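> predicted model, plus sequence, below.
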Amino acid sequence: MKIFVCVKHVPDTAASIKLAGETGFDDSEIKFIASPYDEYGIEEAVSLVEKNDGEVVIVTVGKDNAVSTIRSAMAMGAHRAILVKIDSQFLDSSLTAKALKAAIEQDGAGDLIFTGKGSVDTESFQTQYRLAELLEMPVVNEVSSLSIDDGKAVVEREIGGGEKQVIEMNLPCIIGADRGLNEPRYPKFPDIMKAKKKKIHEIEFSSLELDESKSMVEIEKLELVPERSGAKMIEGSVNDQADQLVKILKQDEKVL
Amino acid sequence: MSEKYDAIIIGAGVIGAPIAYEMAKMGYKTLNVDKLPDAGEGSTAGSCAIVRAHYSTADGVAMAYEGFKYWLDWENYLDNVEDEKGLAKYMNTGSILLKSQGHDWKKVQANYDEVGVDYEEWDNDKIKKAVPVADLHEFWPVRRPEDPKFYDEPTKALGGGIFCPEAGYVNDPALSAHNIMRAAEAKGSKFIFNAEVVDVRSENNKITGITLKDGTKIDAGIVVNVGGPHSFQINKMAEGVWEGCNIKTKALRHEVMYCPSPDEYDYINDGYHMSDGDIGCYVRPEVGNLFLIGSEDPDCDPQEWVDPDEFYAGKGGHGRDNVLSEEQWKAQCYRLGKRIPSLAVPNQPKGVVDLYDCSDDWIPVYDKSDLPGFYMAIGTSGNQYKNAPVVGRMMAELIDACEKGLDHDNEPMQYKYKFIDRTMNVGFFSRKREINYNSSFSVNG
């Protein structure tokens, strides 16, 4: 099997982000990681190939420094990678899907494509659908269980209320991985060493002749989430506390 | 505050609390003030709480070995006090010091012999039996992962180690300070929290008390600086004290990491504390079958001196806040990955970042000051947690002797240990000393 896994290089959710200019942030000194949902895709792809032979190819659209994220995916067992290099910090889902399609087609068709169910930075939750449309493949997102048999993929996805939807698709198809699909493995030092020698094929975004002005989303301004102000403890009997709370909500906060 | 105290102790960490406890036992009415909400919540909480005896001087070994006796008999030390939070546990794992070029282990062994420390010499086979996941190749010298030579294949093997069975670690360092606070309170000590000191007052060259941020003035004839990473700020508040110290202290940022143990190794139950100078790391088990990975400060690693207030406020950029840095995470995990090739190294870092109250020569200052009535137990440099109960007793006796007229600067007090048959020249820890170049200038002390 040949499996592509689309992996996004995103800031660690614990990183303290500093804005740079109106529409960017300082990415020189913060920790980046593979978007956590993508790791479920990497794990699933690697374990499928361990069972059935084949190769796992990571596809990333990102800046130069995305190499660190690619290496960590390779340490989990991916065999090689394609990096579509961009200069901007944000590329909308539409252009990202087009770049992924071009990279995958240049490399040659695969049996399966994984993405995460969404990235933890921009959280647009669109790329997998757009990619499926461009590649004319079936796609299911938020997949928590997968089995492959006889050229078909049978997937389960949670639909709320404890119910699960079971869907059968023909391969090749696109699967948006969710928590529950597996437990991503931790690399070991020898895996990390091996990953350093694996091949990353770099493609310049500009060489794909995609019109960047066709971006469907434009970031006008980034703002930090306002810091929460200190909590106020209200003391006294329950009745006193309720009276005080109502007074604060009416007079100080003016929300009632 | 209308109450009068004999002594105010600034800080209620694992050193401040036992000073109060021992002074209270001697009849002093003490008050600890701490800017945080509870005992041990500052840099004590971030301590790896390792209890080991290998130091490069016999005095260092003796003090640590004396400390063992307190940890091994914790309930009795606390006079069987009750703590509603429960008692900290001493995890008596034993400690392996690998014989390597990163440690002067011959000196350590000679010191063990001199002090009478119980130890065994282990060859590689014995170590391999105890720690089956270890690769005992020599990786020296310590390098950083950015250095291509970091990945060179090793050719030589290490030459065994020294095992000290009484060593281990304390499972909850903050709780241990809390336990000592409860023991001190049972002897009459008082503690106040969320109380930041903004001034140390004196009149006619004699200490008179402190002033808190909210304006409260508390008077006492004795003030003890146990401010941890804030110690230099406290010294600067007291007239002439900072200027009178030849050895200064400042706050050093330090990171420890967690990595899951290999699946086949029950590290939390079967593991040892291990000092591994060959890769510049020390490790101990952590809840969740994790390896806690500390750094022995190899020369190739950068040192990041920070403002403690900014650090604890989480302000400032890289290296100045409490988020692990990518490079140091890699350095420590990859180094241990050489020793334990099946160690799991997650892509998302987990660990603790805190501050050392570091002195110029990584040896603490346990001393009086140039201002009568003002004392200090500072500059613990990441290596004094284990000694805390000993320091509590020693400082209490030093303060008592100085208050009764001892000229400690000229005739240093000789402290007689309670458990081992040895005395310590407390002048060794003098603020007036020249930098001690016998020090390892690292967490090893």
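Happy to help now that I have it. Residues are numbered from 1 along each chain as shown, chains lettered A, B, ... in the order given.
> residue of chain A nearest chain B, please.
Closest residue of chain A to chain B, Cβ to the nearest Cβ: A:F189 (2.6 Å). Quick note: C-beta positions are derived from backbone N, CA and C, even for glycine.
> contacting residues around the closest residue to that residue other than its chain neighbours?
Distances taken as Cβ to Cβ, 6 or more residues apart in numbering or on different chains place B:G337 nearest to A:F189, at 2.6 Å, with adjacent residues excluded. By Cβ atoms under 8 Å, 6 or more residues apart in numbering or on different chains, the residues touching B:G337 are A:188-190, A:192, B:343, B:345.
> returning to what we had before: gap between the residue of chain A closest to chain B and B:C333?
Distance of A:F189 to B:C333, computed by Cβ to Cβ, to the nearest Å: 8 Å.
> ok, which stretches of chain B are helices?
In chain B, helices defined by DSSP state H lie at B:16-25, B:58-72, B:74-77, B:105-115, B:124-130, B:173-186, B:231-237, B:267-270, B:308-312, B:326-339, B:388-403, listed in chain order.
> tabulate these (JSON lines), appending mean pLDDT.
Below are those laid out as JSON lines (pLDDT from 0 to 100):
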{"stretch": "helix B:16-25", "mean pLDDT": "98"}
{"stretch": "helix B:58-72", "mean pLDDT": "95"}
{"stretch": "helix B:74-77", "mean pLDDT": "97"}
{"stretch": "helix B:105-115", "mean pLDDT": "95"}
{"stretch": "helix B:124-130", "mean pLDDT": "97"}
{"stretch": "helix B:173-186", "mean pLDDT": "98"}
{"stretch": "helix B:231-237", "mean pLDDT": "97"}
{"stretch": "helix B:267-270", "mean pLDDT": "94"}
{"stretch": "helix B:308-312", "mean pLDDT": "88"}
{"stretch": "helix B:326-339", "mean pLDDT": "94"}
{"stretch": "helix B:388-403", "mean pLDDT": "98"}
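> what's the end-to-end length of stretch A:144-154?
Taking Cα to Cα, to the nearest Å, stretch A:144-154 runs 11 Å from one end to the other.
> what residues does it touch?
A:44, A:48, A:52, A:112, A:155-158, A:164, A:166-171, A:173, A:175, A:178-181.
> try 10 Å
With contacts defined as Cβ atoms under 10 Å, 6 or more residues apart in numbering or on different chains, stretch A:144-154 is touched by A:1, A:40, A:44, A:48, A:51-52, A:111-112, A:114, A:117, A:138, A:140, A:143, A:155-158, A:164, A:166-175, A:177-182.
> if we can go back for a sec, out of the contacts of B:G337, who has the most neighbours?
B:L343 (26 neighbours; other Cβ atoms under 10 Å in any protein chain shown).
> right, and that one touches B:E264 too?
No - counting by Cβ atoms under 10 Å, B:L343 does not reach B:E264; the two are 11.7 Å apart.
> give me the common contacts of the two.
With Cβ under 10 Å, 6+ apart as the test, B:L343 and B:E264 both reach B:V133.
> could I get the full set of strands for the stretch 1-150 of chain A?
Remark: strands assigned in the stretch 1-150 of chain A by DSSP state E, counting those that start in this stretch are A:2-6, A:9-11, A:19-20, A:24-25, A:32-34, A:55-62, A:80-85, A:112-116, A:139-149.
> meant to ask about the stretch 151-300 of chain B
Taking DSSP E, counting those that start in this stretch to define them, one finds strands in the stretch 151-300 of chain B at B:161-164, B:168-170, B:190-192, B:197-203, B:206-212, B:217-219, B:222-225, B:249-260, B:273-276, B:281-286, B:290-295.
> map the structural domains onto the sequence of the chain.
Here I'm looking at chain A. Structural domains assigned to chain A are A:2-214, A:228-256, following automatic domain parsing.
> can you look at chain B instead?
B:7-85+B:172-249+B:361-429, B:91-168+B:253-356.
> and those: which comes nearest A:V10?
Nearest to A:V10 among the domains of chain B is domain B:91-168+B:253-356; the distance by Cβ to Cβ comes to 11.4 Å.
> the closest one: end-to-end distance?
By Cα to Cα, the extent of domain B:91-168+B:253-356 from end to end equals 23 Å.
> what separates it from the chain centre, distance-wise?
Offset of domain B:91-168+B:253-356 from its chain centre (Cα atoms, centre = their mean, to the nearest Å): 16 Å.
> again, but for stretch B:417-431
17 Å.
> and it, how far apart are its ends?
22 Å.
> got the buried residues for it?
B:417, B:422, B:424, B:426-431 (16 or more other Cβ atoms under 10 Å in any protein chain shown).
> in those residues, find the pair that's most separated.
The distance between the two most remote of the buried residues of stretch B:417-431 (Cβ to Cβ) is 23.5 Å, for B:R422 and B:R431.
> who in the stretch 101-250 of chain B is up against chain A?
Residues of the stretch 101-250 of chain B lying close to chain A (Cβ under 10 Å from any Cβ of the partner chain) are B:135, B:145, B:150-151.
> one more time with 7 Å
Contact residues, the stretch 101-250 of chain B versus chain A (Cβ under 7 Å from any Cβ of the partner chain): B:Y151.
> low-confidence ranges in the stretch 101-250 of chain B?
Within the stretch 101-250 of chain B, the set of residues satisfying pLDDT under 70 is empty.
> hang on, the earlier thing: just put the strands of the stretch 151-300 of chain B in CSV and tack on mean neighbour count.
Shown next, in CSV, are these (neighbours: other Cβ atoms under 10 Å in any protein chain shown):
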stretch, mean neighbour count
strand B:161-164, 24
strand B:168-170, 25
strand B:190-192, 18
strand B:197-203, 17
strand B:206-212, 19
strand B:217-219, 16
strand B:222-225, 28
strand B:249-260, 23
strand B:273-276, 26
strand B:281-286, 26
strand B:290-295, 24
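> mind putting the ones you listed into JSON lines with distance to B:W105?
Shown next, in JSON lines, are the strands of the stretch 151-300 of chain B (distance: least, Cβ to Cβ, whole Å):
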{"stretch": "strand B:161-164", "distance to B:W105": "6"}
{"stretch": "strand B:168-170", "distance to B:W105": "19"}
{"stretch": "strand B:190-192", "distance to B:W105": "41"}
{"stretch": "strand B:197-203", "distance to B:W105": "42"}
{"stretch": "strand B:206-212", "distance to B:W105": "44"}
{"stretch": "strand B:217-219", "distance to B:W105": "48"}
{"stretch": "strand B:222-225", "distance to B:W105": "35"}
{"stretch": "strand B:249-260", "distance to B:W105": "23"}
{"stretch": "strand B:273-276", "distance to B:W105": "9"}
{"stretch": "strand B:281-286", "distance to B:W105": "14"}
{"stretch": "strand B:290-295", "distance to B:W105": "18"}
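> please report the distance of B:F68 from B:G168.
Applying Cβ to Cβ to B:F68 and B:G168 gives a distance of 9 Å.
> intersection of neighbour lists for the two?
B:V51 (Cβ atoms under 7 Å, 6 or more residues apart in numbering or on different chains).
> can you check what angle separates the longest helix belonging to chain A from strand A:2-6?
Secondary structure assigned by DSSP H gives helix A:36-52 as the longest helix of chain A. Put simply, helix A:36-52 runs at 170 degrees to strand A:2-6, going by axes from the mean of the first three to the mean of the last three Cα atoms, to 10 degrees.
> got a list of contacts for helix A:36-52?
Residues outside helix A:36-52 that contact it (Cβ under 7 Å, 6+ apart): A:1, A:3, A:5, A:7-8, A:55-56, A:73, A:76-78, A:114-118, A:120, A:146, A:148, A:177-179, A:181-182, A:184-185.
> return the distance of stretch B:231-251 from the chain's centre.
That offset, for stretch B:231-251, works out to 19 Å (Cα atoms, centre = their mean).
> what does stretch B:366-378 give?
How far stretch B:366-378 lies from its chain's middle: 19 Å, per Cα atoms, centre = their mean.
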